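A.B. asks: From the sequence below, what's the structure:
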Amino acid sequence: MKSLISMGPRQVEFGEREEPSLLPGQVLIQVAACGICGTDLHVYKGLPAAWPVPGIRGHEFAGTVLAWADDVQGFQDGDRVVVQPLVYCGICRFCRAGQTNLCANLYLIGGEQPGGFAERVAVPASSLYKVPENLSLKQAALVETLATAVHAFEQNVSGILRSVVVLGAGAQGLFAVQLARLAGAKLIAVSETLPHRLAMAQKLGATHVIKAGLEDIVEAIRALTDGEGVDLVIEAAGKAVTRQQATQLLRPGGTAIFLALGAETTPIDFMSLVSSELHLRGTQCYTDADFSLAIELLASGEIAVDPIVTTMPLEKGAAAFEMLASNPGEMIKVILAP
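C.D. replies: As a prediction, the model looks like this:
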């Protein structure tokens, strides 16, 4: 079958791989759409990962059911499904506490196991969610991305949310903008280097946009909040400078959530952290409940995905990776279609 094969840092090849074989408990999927995740891109650029090489990546995907193992029930030929790619053990203390995203034995479909950058893939039946009729498979491929932002809000936001800053307007940042709007925030400011992403942030609900590198975001936010700072900062850029800014933008008692990966070491001013009682929170992927909620939000139209998506054929995947890594232009989220 046709596949996009990762061979190492900045090496992706389109070629033939063996057809997947069904194991007990698995379902064979015809892939319709698979997104390039920021994590895929980090690994492409050389971020260390315990993923096999060569290997088939892609963990944001949806498709249709082709076949299933003898011990699997509940599916029919042609069912439209989206894959929840985090496979957890269900028996470790984290799983038993409902923190399946922190499972001690977690593995990723599209990471340690073959993923959706291929025509077909075999996945555990327990990883599949039916796609509502009013949601296209291309839109459903974005459920995984949205679920990560949903988890960040579900774990950290309660009560009345008045003001939010989002640092970085990639797919995660733009989803955070929309979730902040749904959470009732009146001030939603976005900082980003690329003008077209700032324009998209405004289209999707940002009340203020700040051109990173040209404007001092800390001064701008202080001016907008009478010197107080904001309730919540979503750091979705993964840079040392934006992580530092996240702590500087908070009001006393405010919360910064760190969504993005990034290998840079980041100094933090612990005097301010302690004296202002700031809350700094990491967020790791999502749970099944977050994934289900992400499907609902997309199907209801409360979260928009079409404006941020660029679709390319799977055979152009190597070029898509290099463009995203070197010069993304106006691309925000790329979906590869076999």
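A.B. asks: Can you tell me the SS state at Arg197?
C.D. replies: helix (DSSP: H, G, I helix; E, B strand; the rest coil).
A.B. asks: In contact with it, which residues?
C.D. replies: Arg197 is in contact with Ala169, Gly170, Leu174, Ile332, counting by CB atoms under 8 Å, 6 or more residues apart in numbering. For the C-beta atoms, the positions are set from N, CA and C on the backbone; glycine is no exception.
A.B. asks: rerun that using 6 Å as the cut-off
C.D. replies: By CB atoms under 6 Å, 6 or more residues apart in numbering, the contact set of Arg197 is Ala169.
A.B. asks: Check the spacing between it and Val165 real quick.
C.D. replies: 15 Å (CB to CB, to the nearest Å).
A.B. asks: In space, what's closest to the residue positioned nearest the centre of the chain - neighbours in sequence excluded?
C.D. replies: Centroid check for the chain by CA atoms, centre = their mean gives Thr145 as the closest residue, at 3.0 Å. The shortest distance from Thr145 to any non-neighbouring residue, by CB to CB, 6 or more residues apart in numbering, is to Ala171 (5.3 Å).
A.B. asks: what do you get for Pro267?
C.D. replies: Going by CB to CB, 6+ apart, Pro267 has Gln244 as its nearest residue, at 7.0 Å.
A.B. asks: Thr207 now?
C.D. replies: Ile188 (5.1 Å).
A.B. asks: Equivalent analysis for Asp70, please.
C.D. replies: Counting by CB to CB, 6+ apart, Pro24 is the residue found nearest to Asp70 once chain neighbours are left out, at 7.6 Å.
A.B. asks: List the buried residues of the helix or strand Gly317 falls within.
C.D. replies: For Gly317, the element it lies in under DSSP states H and E is helix 317-326. Burial within helix 317-326, assessed by neighbour count using 16 or more other CB atoms under 10 Å, is assigned to Gly317, Ala318, Ala320, Phe321, Met323, Leu324.
A.B. asks: How about stretch 18-26?
C.D. replies: Under the neighbour-count criterion of 16+ other CB under 10 Å, stretch 18-26 has Pro20, Gly25, Gln26 buried.
A.B. asks: Outside of that stretch itself, list whatever touches it.
C.D. replies: Here stretch 18-26 makes contact (CB under 6 Å, 6+ apart) with Met1, Leu28, Ala69, Asp71, Arg120, Val121, Ala122, Pro124, Ala125.
A.B. asks: how far away is Val143 from Cys89?
C.D. replies: Distance, Val143 to Cys89, by CB to CB: 23 Å.
A.B. asks: now swap in Leu194 and tell me
C.D. replies: 40 Å.
A.B. asks: Compare the two (neighbour count), which wins?
C.D. replies: Neighbours were counted for Leu194 and for Cys89 using other CB atoms under 10 Å; Leu194 has more, 17 against 14.
A.B. asks: mind checking how far the more buried one is from Gly229?
C.D. replies: 25 Å.
A.B. asks: circling back: from the buried residues of helix 317-326, pick the one nearest Phe61.
C.D. replies: Gly317 (12.8 Å; CB to CB).
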